[in-house]
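[1] sequence first, predicted model second:
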Protein chains: 2
Amino acid sequence: MELSGRQETILLAIIKTYLDTGEPVGSRTISKYTDLNLSSATIRNEMADLEEMGYIMQPHTSAGRIPSDKGYRFYVDHLMADKEREVDEMKEILIEKADKMEQVLKQIAKSLSVNTNYAAMISAPRYHQNKLKFIQLSRMGDDQIVAVIVVEGNIIKNEIIETSQFIDDETLLKLNILLNTNLNGLSIEEISLGTIQKMKEQAGIHSEVISDVIDAVGQAIKADEDLEIYTSGANNIFKYPELSDNERASEIITAFEEKKQLSDIVYETLQNQDEESTGIQVYIGEESPVQNMKDCSVVTATYELDEGMKGTIGIIGPKRMDYDKVVKTLKSITGQLDVLYKKDRNKGQKGNRKSK
Amino acid sequence: MELSGRQETILLAIIKTYLDTGEPVGSRTISKYTDLNLSSATIRNEMADLEEMGYIMQPHTSAGRIPSDKGYRFYVDHLMADKEREVDEMKEILIEKADKMEQVLKQIAKSLSVNTNYAAMISAPRYHQNKLKFIQLSRMGDDQIVAVIVVEGNIIKNEIIETSQFIDDETLLKLNILLNTNLNGLSIEEISLGTIQKMKEQAGIHSEVISDVIDAVGQAIKADEDLEIYTSGANNIFKYPELSDNERASEIITAFEEKKQLSDIVYETLQNQDEESTGIQVYIGEESPVQNMKDCSVVTATYELDEGMKGTIGIIGPKRMDYDKVVKTLKSITGQLDVLYKKDRNKGQKGNRKSK
DNA sequence: TGTTAGCACTCCCCTTCATCGAGTGCTAAT
DNA sequence: ATTAGCACTCGATGAAGGGGAGTGCTAACA
């Protein structure tokens, strides 16, 4: 069942008004608001139809209408087709040199939440598909070895390995060469148990110790970095009465504190992303990947730093979120991120990242 | 003005009851509750006195009494003198081997919040007063050097240094020796600009590059690790009506999200700690180090891993917090941490920490 | 002199009730 | 197809009133 042009206009008018006020919208309001000069009665008739079709609903009889999830969905899809305009308010914030990735991400989250008045999250880029760039074992004391592993994108992992017996310098040097020749240039996924096994054989079955060390290195490489997620503006939810009753607020805050649920969003987003072209996804109410946010809308954008590192930005707010603004803001920010990152890369990255 | 024994008993009874119920306590309740068999009228008289002295107050005429900050303070001070009993419920959780410090801390925060039903925070130990254990520069490509710095307690910092020109292996080796002989065993505070300058001179004024590298290392060492703070159970505040109205909740949540304020608490705590013997501090209402928590109480404990690394644990809840339980829980946990850490150390630390 | 019973009083909270107004659905006229 | 009009619904608002918990004070009692 298609919407007529007029129904569309009315629906849009209802949603926009509701986004502003957060209160049910009546027919009279619309009849005054819209360009098509119609009486409230006519609007009422159309509204009845729209309700029947599931785009809007009444909180109770004889109240105005509010958009249903389906209504928002229509609005968003409709909006997405729109040409995008520029939003460059936050350029300065990003360009302000922040030489540590962590700082940049925190700043982005912060500026997003401040700008939009919604809660914001951003995940640090995942680098699993990245290549090993450098491995080094160094002895630190008699029975400890420090392993340093650098991945493309200059992300560093560390591991302190306890050795059951002393390993002399020469052996260590050999090990270093062995590790680098075998592993350099491989992506983390490409390194299998077989690779590890092969190295052990090449090392000769000198001793338990060597084998242990190689295993430890392998583990350190594989060690699943848990997704770093930065958030900001969770308190913004208190600006929206429909989210700030005790129960709901508690749920949302919990989600923000135990990053677990947020990372679910990230995974979900990255998964869906391949099928989408735009890079922006909107989850409305029940569509949300996580249960705790079923009364919210979540808008996500994927950003990609050009070494194949992908991360996700998310905005969480009430269903009556200003989708238009949020989408534009996200588009702008991912753009900025691209620029920033490229500049950074050419200039050489002074900063470094969290290692594991 | 001293409290009579009976007044004390009554005050304690009022506070305890209020902790339970969260509602103003009337004279009749107390007259039934307490051992000293007194009529409500007598209690009323005493209550009037207690109110005059500022230990309790009435939300409004003809309501029961609630403790004032001063009242809580009395309760807490009184309590502190108490002998401590054991609380060992959370032993298991801690003993569950979690070999990464970060994991342990998160777990502690979690178990604290679950156990107490308040919000919990824990700061990772600061290691400023710790000694450098190991420094290593390695070349990674033509114009990049990786600096690895290990501090006692096996905390690792990394820095990638961009060099304006190639540094050959021999020079690098010399630099490594130079750095280690000069800096090893020094604590971070002890390393001054003078130390750096001295090294530069020893290196000979070979070139800009060397000097740059030394500077970069110096910076990396000094780089102020911002206090890592883990939190859990912020949502618990919603269990207490007096904290969960919009404004208050928003303030508290903000404090929890922007760790800034929490780290203020940590600093304040560590500062005050020297003067205290018990290691446990209680901030009631307005006493709180941070403004956002003026309606809460904050109980902190300092834990010390035996290399001089200190961290802070904090419980944040309503003023009618179960101080008794919280204090005991904190005492127990710091004890556990001690045990855990010592065991960990002897066994060798498998895990490693965030590097910078 | 300390304790207690009794009583009038205060003030919050809850329920009830009536009113108001925004908004609806329906019908009949245009 | 549109609109004016009207009866109706239902939440929100506020006033009124009863109930109850608790107080302060006074007078009696041990």
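    That came through fine. Remember, predicted model here, so these are calculated numbers, not experimental data.
[2] tell me if the helix or strand harbouring A:Ile161 is near chain B.
    Element membership for A:Ile161 (DSSP states H and E) is strand A:155-162. Yes. Using Cβ under 8 Å from any Cβ of the partner chain, strand A:155-162 reaches chain B at A:Ile156, A:Asn158, A:Glu159, A:Ile160, A:Glu162. The C-beta positions use only the backbone N, C-alpha and C, and glycine is treated the same way.
[3] looking at it, the first one is touching B:Asn158, isn't it?
    Yes. Under the criterion of Cβ atoms under 8 Å, A:Ile156 is in contact with B:Asn158, at a separation of 4.5 Å.
[4] neighbour count winner among the two?
    The residue with more neighbours, out of A:Ile156 and B:Asn158, is A:Ile156; 25 against 22, by other Cβ atoms under 10 Å in any protein chain shown.
[5] ok, back up a step: now tabulate the residues of strand A:155-162 next to chain B in CSV and tack on pLDDT.
    Shown next, in CSV, are the residues of strand A:155-162 next to chain B (pLDDT from 0 to 100):
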residue, pLDDT
A:Ile156, 80
A:Asn158, 82
A:Glu159, 83
A:Ile160, 83
A:Glu162, 83
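[6] okay, buried residues for the strand holding A:Ile161 please.
    A:Ile155, A:Ile156, A:Lys157, A:Asn158, A:Glu159, A:Ile160, A:Ile161 (16 or more other Cβ atoms under 10 Å in any protein chain shown).
[7] any chance of those residues in TSV, plus distance to A:Arg28?
    Shown next, in TSV, are these (distance: Cβ to Cβ, whole Å):
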residue	distance to A:Arg28
A:Ile155	59
A:Ile156	63
A:Lys157	63
A:Asn158	66
A:Glu159	68
A:Ile160	71
A:Ile161	74
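[8] show the contacting residues for the residue in the stretch 101-250 of chain A that DNA strand D sits nearest to.
    Per Cβ to the nearest atom of the strand, A:Pro241 is where the stretch 101-250 of chain A lies closest to DNA strand D, at 10.9 Å. Neighbouring residues of A:Pro241 by Cβ atoms under 8 Å, 6 or more residues apart in numbering or on different chains: A:Gly22.
[9] where does it fall, phi/psi-wise?
    For A:Pro241, the backbone dihedrals (degrees, to the nearest 10) come out as phi -50, psi -40.
[10] go on, A:Glu228?
    When read as degrees, to the nearest 10, the backbone of A:Glu228 gives phi -80, psi 130.
[11] burial count for the closest residue to A:Ile56 other than its chain neighbours?
    Among residues not flanking A:Ile56 along the chain, A:Arg65 sits closest, at 4.2 Å (Cβ to Cβ, 6 or more residues apart in numbering or on different chains). Other residues lying near A:Arg65 total 27 when counted by other Cβ under 10 Å.
[12] was I right about A:Arg65 contacting A:Met47?
    Yes. Judged on Cβ under 8 Å, A:Arg65 makes contact with A:Met47 at a distance of 5.8 Å.
[13] which residues are in contact with each of these two?
    Residues touching both A:Arg65 and A:Met47 (Cβ under 8 Å, 6+ apart): A:Ile14, A:Ile56.
[14] what ranges do the strands span in the stretch 151-300 of chain A?
    Ranges of strands in the stretch 151-300 of chain A, per DSSP state E, counting those that start in this stretch, are A:155-162, A:229-232, A:280-284, A:296-305.
[15] and the angle from the third one to strand A:296-305?
    When you say that, I think you mean strand A:280-284. Taking axes from the mean of the first three to the mean of the last three Cα atoms, to 10 degrees, strand A:280-284 and strand A:296-305 form an angle of 160 degrees between their directions.
[16] residues in contact with the helix or strand hosting A:Ala13: which ones?
    Here A:Ala13 is covered by helix A:5-21, with elements defined by DSSP H and E. Applying Cβ under 8 Å, 6+ apart, the external contacts of helix A:5-21 come out as A:3, A:24-25, A:29-30, A:33-36, A:43, A:46-47, A:49-50, A:55-56, A:65-67, A:71-72, A:74-75, A:78, A:320-322.
[17] and that helix, average pLDDT?
    Across helix A:5-21, the average pLDDT comes to 90.
[18] circling back to that earlier point, of the buried residues of strand A:155-162, which is the nearest to DNA strand C?
    For the buried residues of strand A:155-162, the nearest to DNA strand C is A:Ile155 (54.9 Å; Cβ to the nearest atom of the strand).
[19] what are the bridge partners for the closest one, then?
    Beta bridges link A:Ile155 to A:Val151 when assigned by DSSP bridges.
[20] could you do the one 5 residues further on as well?
    Going by DSSP bridges, A:Ile160 is paired in beta bridges with A:Val146.
[21] ok, it touching A:Ile145?
    Yes. With contacts counted by Cβ under 8 Å, A:Ile160 reaches A:Ile145, the gap being 7.3 Å.
[22] which non-adjacent residue is nearest A:Lys110?
    A:Ser232 (4.5 Å).
[23] who's in contact with the one you found?
    With contact taken as Cβ under 8 Å, 6+ apart, A:Ser232 is in contact with A:Lys106, A:Ala109, A:Lys110, A:Leu112, A:Ser113, A:Val114, A:Ala119, A:Ala120, A:Met121, B:Glu257, B:Glu258.
[24] is it possible to get a markdown table of those that adds secondary structure, distance to DNA strand C and neighbour count?
    Listed next are those as a markdown table, based on DSSP: H, G, I helix; E, B strand; the rest coil; distance: Cβ to the nearest atom of the strand, whole Å; neighbours: other Cβ atoms under 10 Å in any protein chain shown:
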| residue | secondary structure | distance to DNA strand C | neighbour count |
| --- | --- | --- | --- |
| A:Lys106 | helix | 42 | 17 |
| A:Ala109 | helix | 37 | 22 |
| A:Lys110 | helix | 37 | 18 |
| A:Leu112 | helix | 33 | 25 |
| A:Ser113 | helix | 31 | 23 |
| A:Val114 | helix | 32 | 14 |
| A:Ala119 | strand | 29 | 28 |
| A:Ala120 | strand | 32 | 28 |
| A:Met121 | strand | 35 | 28 |
| B:Glu257 | helix | 31 | 23 |
| B:Glu258 | coil | 33 | 18 |
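[25] quick one: which of these is nearest to B:Gly185?
    Using Cβ to Cβ, A:Lys106 is the member of the contacts of A:Ser232 that lies nearest B:Gly185, at 34.9 Å.
[26] the closest one and A:Thr231 touch, don't they?
    No. Judged on Cβ under 8 Å, A:Lys106 makes no contact with A:Thr231 at a distance of 9.2 Å.
[27] would you map the helices across chain A?
    Using DSSP state H, the helices of chain A run over residues A:5-21, A:27-33, A:40-53, A:69-80, A:91-95, A:101-116, A:169-183, A:193-202, A:208-222, A:246-257, A:260-273, A:323-347.
[28] of those, which shows the lowest average pLDDT?
    Mean pLDDT values for the helices of chain A show the minimum at helix A:91-95, a mean of 46.
[29] give the contact list for the residue positioned nearest the centre of chain A.
    Centroid-nearest residue in chain A, with Cα atoms, centre = their mean: A:Thr312, separated by 2.2 Å. Shown in contact with A:Thr312 (Cβ under 8 Å, 6+ apart): A:Ile122, A:Ser123, A:Ile265, A:Val266, A:Thr269, A:Leu270, A:Thr300, A:Ala301, A:Thr302, A:Tyr303.
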